[in-house]
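*Asks:* here is a sequence together with a model predicted from it:
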Amino acid sequence: MIKSSGTPCRVTVCRDCCCGGRKIRTVDHEEQLAVLRRAAPVRVADCLDVCERANVIVVHPSSAARAAGARPVWLGLVNDDGAAHDIAEWVRAGGPGVAEPPAILDLYEFTPPGRS
(Lines give C-alpha, C1' and ligand atoms only; values in the text may rest on other atoms or scores of the structure.)
Protein backbone atom coordinates (compact mmCIF):
# COMPACT_ATOMS: atom_id res chain seq x y z
CA MET A 1 0.00 0.00 0.00
CA ILE A 2 1.29 3.46 -0.93
CA LYS A 3 1.35 6.20 1.66
CA SER A 4 -0.02 9.49 0.40
CA SER A 5 2.51 12.29 0.47
CA GLY A 6 3.08 15.32 -1.72
CA THR A 7 0.08 16.34 -3.78
CA PRO A 8 -3.05 14.64 -2.42
CA CYS A 9 -5.69 12.78 -4.36
CA ARG A 10 -7.88 15.31 -6.17
CA VAL A 11 -11.04 15.41 -8.26
CA THR A 12 -12.06 17.04 -11.55
CA VAL A 13 -15.78 17.53 -12.14
CA CYS A 14 -17.12 18.33 -15.61
CA ARG A 15 -19.66 21.14 -15.49
CA ASP A 16 -20.18 22.51 -18.99
CA CYS A 17 -22.43 21.64 -21.89
CA CYS A 18 -24.06 18.41 -20.68
CA CYS A 19 -22.81 17.89 -17.15
CA GLY A 20 -23.92 20.15 -14.35
CA GLY A 21 -27.60 20.57 -15.00
CA ARG A 22 -28.33 21.22 -18.65
CA LYS A 23 -28.76 17.57 -19.54
CA ILE A 24 -29.13 15.85 -16.17
CA ARG A 25 -31.62 17.74 -14.02
CA THR A 26 -32.33 15.08 -11.43
CA VAL A 27 -29.02 15.59 -9.60
CA ASP A 28 -28.32 18.32 -7.05
CA HIS A 29 -25.10 19.43 -8.75
CA GLU A 30 -24.15 21.94 -6.07
CA GLU A 31 -24.57 19.34 -3.33
CA GLN A 32 -22.51 16.88 -5.37
CA LEU A 33 -19.69 19.44 -5.53
CA ALA A 34 -20.01 20.16 -1.81
CA VAL A 35 -19.74 16.46 -0.93
CA LEU A 36 -16.64 16.08 -3.08
CA ARG A 37 -15.06 19.31 -1.80
CA ARG A 38 -15.32 18.03 1.77
CA ALA A 39 -13.17 15.06 0.71
CA ALA A 40 -10.51 16.56 -1.59
CA PRO A 41 -9.47 19.50 -3.71
CA VAL A 42 -11.95 19.82 -6.60
CA ARG A 43 -11.41 21.44 -9.97
CA VAL A 44 -14.50 22.32 -11.97
CA ALA A 45 -13.69 21.85 -15.65
CA ASP A 46 -15.28 22.87 -18.88
CA CYS A 47 -16.41 20.09 -21.19
CA LEU A 48 -14.31 16.90 -20.95
CA ASP A 49 -15.70 15.75 -24.33
CA VAL A 50 -17.50 12.65 -23.12
CA CYS A 51 -20.99 14.17 -23.08
CA GLU A 52 -22.68 10.79 -23.55
CA ARG A 53 -21.38 9.94 -20.04
CA ALA A 54 -22.75 13.04 -18.24
CA ASN A 55 -22.09 13.63 -15.32
CA VAL A 56 -18.36 12.95 -15.48
CA ILE A 57 -15.96 12.93 -12.53
CA VAL A 58 -12.24 12.15 -12.73
CA VAL A 59 -10.41 11.01 -9.60
CA HIS A 60 -6.69 11.76 -9.81
CA PRO A 61 -4.17 9.83 -7.70
CA SER A 62 -1.88 11.52 -5.21
CA SER A 63 1.58 12.35 -6.51
CA ALA A 64 3.06 9.39 -4.60
CA ALA A 65 0.49 6.98 -6.06
CA ARG A 66 1.02 8.45 -9.53
CA ALA A 67 4.79 7.91 -9.21
CA ALA A 68 4.05 4.27 -8.31
CA GLY A 69 1.93 3.82 -11.45
CA ALA A 70 -1.61 4.78 -10.44
CA ARG A 71 -3.60 6.60 -13.12
CA PRO A 72 -6.69 8.82 -13.06
CA VAL A 73 -10.00 7.01 -12.86
CA TRP A 74 -12.81 8.34 -15.06
CA LEU A 75 -16.35 7.90 -13.76
CA GLY A 76 -19.37 8.59 -15.93
CA LEU A 77 -23.13 8.64 -15.51
CA VAL A 78 -22.63 9.80 -11.92
CA ASN A 79 -26.27 10.77 -11.60
CA ASP A 80 -27.05 9.26 -8.22
CA ASP A 81 -26.54 11.25 -5.03
CA GLY A 82 -25.10 8.18 -3.33
CA ALA A 83 -22.36 7.90 -5.94
CA ALA A 84 -20.84 11.23 -4.90
CA HIS A 85 -20.68 9.95 -1.32
CA ASP A 86 -19.03 6.71 -2.49
CA ILE A 87 -16.46 8.70 -4.47
CA ALA A 88 -15.80 11.00 -1.51
CA GLU A 89 -15.31 8.00 0.79
CA TRP A 90 -12.76 6.51 -1.63
CA VAL A 91 -10.93 9.83 -2.02
CA ARG A 92 -10.72 10.29 1.77
CA ALA A 93 -9.21 6.79 1.98
CA GLY A 94 -6.50 7.82 -0.53
CA GLY A 95 -8.03 7.23 -3.98
CA PRO A 96 -6.40 5.47 -6.95
CA GLY A 97 -3.35 3.40 -6.10
CA VAL A 98 -3.84 3.84 -2.36
CA ALA A 99 -7.29 2.48 -1.53
CA GLU A 100 -9.67 0.10 -3.23
CA PRO A 101 -12.75 1.92 -4.52
CA PRO A 102 -16.17 0.85 -3.30
CA ALA A 103 -17.29 -1.99 -5.60
CA ILE A 104 -20.29 0.02 -6.81
CA LEU A 105 -17.96 2.46 -8.59
CA ASP A 106 -17.11 -0.28 -11.10
CA LEU A 107 -20.49 0.52 -12.66
CA TYR A 108 -19.38 4.10 -13.35
CA GLU A 109 -15.77 3.58 -14.46
CA PHE A 110 -14.90 3.98 -18.13
CA THR A 111 -11.92 4.60 -20.39
CA PRO A 112 -12.31 7.91 -22.23
CA PRO A 113 -11.75 7.95 -26.00
CA GLY A 114 -8.13 8.26 -27.03
CA ARG A 115 -6.79 6.66 -23.85
CA SER A 116 -5.94 3.04 -23.28
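*Replies:* Cool, got the structure. Numbering: from 1, shown residues only.

*Asks:* all helices for the protein, in order.
*Replies:* 29-37, 63-67, 81-93 (DSSP state H).

*Asks:* for the longest one, packing partners?
*Replies:* Secondary-structure packing of helix 81-93 (3 or more C-beta pairs under 8 Å, 6 or more residues apart in numbering; DSSP states H and E): helix 29-37, strand 57-60. C-beta: built from backbone N, CA, C; applies to glycine.

*Asks:* switch those over to a markdown table; also include mean pLDDT.
*Replies:* Formatted as a markdown table, the helices and strands packed on helix 81-93 follow (pLDDT from 0 to 100):
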| stretch | mean pLDDT |
| --- | --- |
| helix 29-37 | 94 |
| strand 57-60 | 98 |
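
*Asks:* figure out which of the helices of the chain is closest to A45.
*Replies:* For the helices of the chain, the distance to A45 is smallest for helix 29-37, at 11.9 Å, taking C-beta to C-beta.

*Asks:* buried ones in that closest one?
*Replies:* Across helix 29-37, burial judged by 16 or more other C-beta atoms under 10 Å covers 29, 32-33, 35-36.

*Asks:* possible to save those residues as a markdown table with distance to A103?
*Replies:* Shown next, in a markdown table, are the buried residues of helix 29-37 (distance: C-beta to C-beta, whole Å):
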| residue | distance to A103 |
| --- | --- |
| H29 | 25 |
| Q32 | 20 |
| L33 | 24 |
| V35 | 19 |
| L36 | 20 |
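
*Asks:* specify which member of those residues is nearest to D49.
*Replies:* Using C-beta to C-beta, the buried residues of helix 29-37 come closest to D49 at H29, 18.9 Å.

*Asks:* the closest one and S63: what is the separation?
*Replies:* Relative to S63, H29 is positioned 29 Å away (C-beta to C-beta, to the nearest Å).

*Asks:* just so I know, which of the helices and strands packed on helix 81-93 lies nearest L77?
*Replies:* Nearest of the helices and strands packed on helix 81-93 (C-beta to C-beta): strand 57-60, 10.1 Å.
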